[in-house]
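Undergrad: When you get a sec, could you give me coordinates for this:
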Amino acid sequence: MSKPIVTPNDWQALRAATPARLALGRAGAGMPTDETLRFSWAHAMARDAVHAWLDAEALELRLREQGWAVEQVHSQATDRATYLRRPDLGRQLDAEDAARLRALHRDVPAPAGICFVIGDGLSALAAERHAVPLLAALRPLLPATLRFTPVVIARQARVALADEIAEALGAELVVMLIGERPGLSSPDGLGLYLTCAPRRGRRDAERNCISNVRPEGLPYADAAFRLSWLIGEALRRGLSGVKLKDESEQASRRLP
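TA: Model (predicted):
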């Protein structure tokens, strides 16, 4: 019997359980051609996600169809190249947009509960694909009496930009929905960052994070349940970040 051309790989069955790059095989000292091509394709997808431009108008239309009031803002990073080179500018709100949001808060002086900010971050693709269905899954889980500011769509945004936005709008709590840094198997992961009593200068340790929200990662329903639990506890206890541990899993076990 002749020797088979391809040597069986005992790890091959594991590939059905994960999108991670394992059991790739080899051809001599290198990878097989098909795996080399898949790597190049995944790398190109990740690069495209980083440089993509957020279609804020289409996103606003979808949000308004769900009944959300919407505002659009921009960071002080004037274009994508500046945004990637100057992370500090992505954390600061454009001066005219900041004044407009403060004026909006003066027109509606009653305290607002939650501010949702949708930022392009490092993957506009993630924001466009997952922010609207995530909010649709979340809203029924929140108390009907809870107040909201308009949802704010932010271009060229870093996570900390949400603090200044929510401070201008007088919100008690802010949730930033932002495109995460792409990986070779996940160019469209959405991150959720929750901060209680938002204001400029908040540190990352004062935020709670839920990551990789997408159908192939953390599904919308699971992410919405976890986020609704964190929102409720943050408002009740007046804190977030390392002081607020995510115990939503234990809470779900107590549900009937």
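Undergrad: Tally up the residues packed near the closest residue to residue 139 other than its chain neighbours, please.
TA: Among residues not flanking residue 139 along the chain, residue 66 sits closest, at 7.9 Å (C-beta to C-beta, 6 or more residues apart in numbering). Just so you know, the C-beta spots here come from the backbone N, C-alpha and C atoms, and that holds for glycine as well. Counted with other C-beta atoms under 10 Å, residues neighbouring residue 66 total 13.
Undergrad: contacting residues around residue 66?
TA: If you count contacts by C-beta atoms under 8 Å, 6 or more residues apart in numbering, residue 66 has them with 132, 135-136, 139.
Undergrad: Quick check on the nearest residue to residue 69 once chain neighbours are set aside: phi, psi?
TA: Nearest non-adjacent residue to residue 69, counting by C-beta to C-beta, 6+ apart: residue 150, 3.9 Å away. Here is the backbone geometry of residue 150 (degrees, to the nearest 10): phi -60, psi 150.
Undergrad: gap between residue 150 and residue 104?
TA: 8 Å (C-beta to C-beta, to the nearest Å).
Undergrad: can you list residues touching both of the two?
TA: Common neighbours of residue 150 and residue 104, counting by C-beta under 8 Å, 6+ apart, are 71, 169.
Undergrad: Before we move on, what's the pLDDT of the residue nearest to residue 69?
TA: pLDDT for residue 150: 94.
Undergrad: Same check on residue 78?
TA: Residue 78 is given a pLDDT of 91.
Undergrad: Where does pLDDT dip in this protein?
TA: Within the chain, the ranges that satisfy pLDDT under 70 run 1-10, 22-23, 107-111, 251-256.
Undergrad: where do the strands sit along it?
TA: Under the criterion DSSP state E, the chain contains strands at 70-74, 112-119, 151-155, 171-179, 190-196, 207-213.
Undergrad: Which among these is found nearest to residue 240?
TA: Residue 240 lies closest, by C-beta to C-beta, to one member of those: strand 190-196, at 3.8 Å.
Undergrad: Hmm, residue 178 and residue 210 touching each other?
TA: No. Under the criterion of C-beta atoms under 8 Å, residue 210 is not in contact with residue 178, lying 11.3 Å apart.
Undergrad: which one of these two has more residues nearby?
TA: Between residue 210 and residue 178, residue 178 has the larger neighbour count (other C-beta under 10 Å), namely 26 against 22.
Undergrad: wait, what's in contact with that one?
TA: Applying C-beta under 8 Å, 6+ apart, we find residue 178 in contact with 117-121, 126-127, 157, 159, 190-191, 193.
Undergrad: let's go with 7 Å and repeat that
TA: 119, 121, 127, 157, 159, 191, 193 (C-beta atoms under 7 Å, 6 or more residues apart in numbering).
Undergrad: who's the residue nearest to residue 33 when sequence neighbours are not counted bridged to?
TA: Of all residues not flanking residue 33 in the chain, residue 27 sits nearest, at 7.1 Å (C-beta to C-beta, 6+ apart). On the basis of DSSP bridges, residue 27 is bridged to residue 30.
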